[in-house]
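A.B. asks: Starting from these lines, generate the structure:
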Amino acid sequence: MATRMKPSRVKYKYVEEVERLDYYVPGGYHPVMLGDEFCSDRYKIAHKLGFGRSATTWLAEDTTGKDHRLVALKISTTESVDRRTSTHEMEILLRLAKAESSNLPGKTMVQNLLDSFTISGPNGTHRCLVTDVARLNINEVKEYPYHRLLHLSPARAIATQLVLGVQFIHSQGIVHGDLHPGNILLQLPPDTRNMTHEQLRARGIDEPAKELVVREDGSPLDPGVPHELVIPIWLGIDGDKVTLEDALITIADFGESFDPQEAKQYTCHTPLLLAPPESRFITDAGGHPNLRDEPLSFPADIWTLACTIWDIFGCRPPFESFPVTQDEVTIEHVEMLGKLPDRWWNEWKERSNWFDEDGRKNVKDNLRRWYGNTHRDWDVRFDEYIREPRERHGFDGGGGDGFSWHDKDDVGSGTEQTGDDR
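C.D. replies: Got it, this is the predicted structure:
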């Protein structure tokens, strides 16, 4: 029987910028300490890189050979092992690594699996994936300049590589399934990729910051809980300082990837604001497949690819409704791109609250307190989120990139960009 992680009810003193302590339970995280060694002492933990719900990721030294190169060691929760999520990710990465790529440069943009193994601990069995160390993801890059903009040359380079990477993934019959800026990583600069931890520290990387783990009731910690937590290392760069030379990317996190010829996928785990419109309509209210529609496939990646490229160039994502509900997101889809294809439009029972049957904004009187009747279409959002902010902050490439924004008339109308063949 699969191990289900049930977050602990034990309360701990709060620590910022770390993983959830209540996930250190059977089925959850493996407790890791600085200096721990894995895989017959080959990988020695030097720092923490980050964390997510299904794994923690660590900076480790590969002690084989004379160079002790740095690698990223992702240690999955036991729950994800039992559900085969981590094993599935490993299999996808191996399949992509073995692919012939003589005519497809996008292979170099896909995460490189160096090693994999399992470990056992107080919280169960954990899958470990070893990959190259990355710098930080695009969301993190854009957090620090207040305008959330990248210079045009690196933005164009990142978008181009992303398209090439997705082209390669699709050429191998794989749907990524979770494309968004948080899964697009900047690579380390070439001159630091083979550094040891000591050499990295010599460049000004701080010693690991640690915080003791303390239960609020003063009781001893359970065996599966680490006695201290490590604040993730900062290997990043502010977005407005990213140059063309910095703009080398890696597409990561293949835990939701699938081959549509081998498995029918009806559930989308991409953040709701970026999820493709079909993800709402291919299941019923109970989450069961709607057999009248096709399962998720390559078009879902194209939608999230487009949303991610928009975010790379803009100061805000294309859709940002609040609160984030399915209706709110679908309203934005129709506002920006026009009426949904008929098979989805007819499934959306609440559509008459906001639109007439031609897809024009027509909010009911009792809802106008919360919803305006202004139609914020593609042109309006492009101006607000991309063109005007870039011009205002001098990020429009006017200083030598040879780039100019297209006229509004060059952008197709919403009804031209959405259709039954999407």
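A.B. asks: got a list of what Asn184 touches?
C.D. replies: Actually, residue 184 is Ile. It isn't Asn. Ile184 sits next to 137-138, 158, 162, 249-252, 308 when contact means Cβ atoms under 8 Å, 6 or more residues apart in numbering. C-beta here means a position set from N, CA and C on the backbone, and glycine is covered the same way.
A.B. asks: which one among those residues gets closest to Pro26?
C.D. replies: Nearest to Pro26 among these is Ala252, at 27.6 Å by Cβ to Cβ.
A.B. asks: coming back round to it: now rank the contacts of Ile184 by neighbours and give me the top one.
C.D. replies: Within the contacts of Ile184, neighbour counts (other Cβ atoms under 10 Å) peak at Ile158, which reaches 27 neighbours.
A.B. asks: can I assume that one is in contact with Ile312?
C.D. replies: Yes - Ile158 lies in contact with Ile312 (Cβ atoms under 8 Å); the separation is 5.5 Å.
A.B. asks: Please identify every residue contacting each of these two.
C.D. replies: 138, 150.
A.B. asks: Under the pLDDT cut-off, which ranges of this structure? List them.
C.D. replies: Within the chain, the segments meeting pLDDT under 70 span 1-3, 82-83, 102, 284-292, 366, 368-375, 397-422.
A.B. asks: mind redoing it with 50?
C.D. replies: Scanning the chain for pLDDT under 50 picks out 398-422.
A.B. asks: What segments of it are helices?
C.D. replies: Ranges of helices within the chain are 78-82, 85-98, 138-143, 152-171, 197-202, 278-281, 298-313, 326-337, 342-345, 378-382, 388-392, 414-417, based on DSSP state H.
A.B. asks: Tell me how far Asp311 lies from His88.
C.D. replies: Asp311 sits 27 Å away from His88, going by Cβ to Cβ, to the nearest Å.
A.B. asks: Kindly reformat the helices of the chain as TSV containing distance to Lys44.
C.D. replies: Listed next are those as TSV, based on distance: least, Cβ to Cβ, whole Å:
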stretch	distance to Lys44
helix 78-82	23
helix 85-98	22
helix 138-143	26
helix 152-171	31
helix 197-202	9
helix 278-281	42
helix 298-313	35
helix 326-337	45
helix 342-345	52
helix 378-382	48
helix 388-392	45
helix 414-417	52
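A.B. asks: and Leu73, how many neighbours?
C.D. replies: 29.
A.B. asks: residues contacting it?
C.D. replies: 38, 43, 45, 57-60, 128-130.
A.B. asks: And the residue nearest to Gln261 when sequence neighbours are not counted, how close does it get to Leu164?
C.D. replies: Excluding its sequence neighbours, the residue lying closest to Gln261 (Cβ to Cβ, 6 or more residues apart in numbering) is Gly173, at 6.2 Å. Computed as Cβ to Cβ, the Gly173 to Leu164 distance reads 17 Å.
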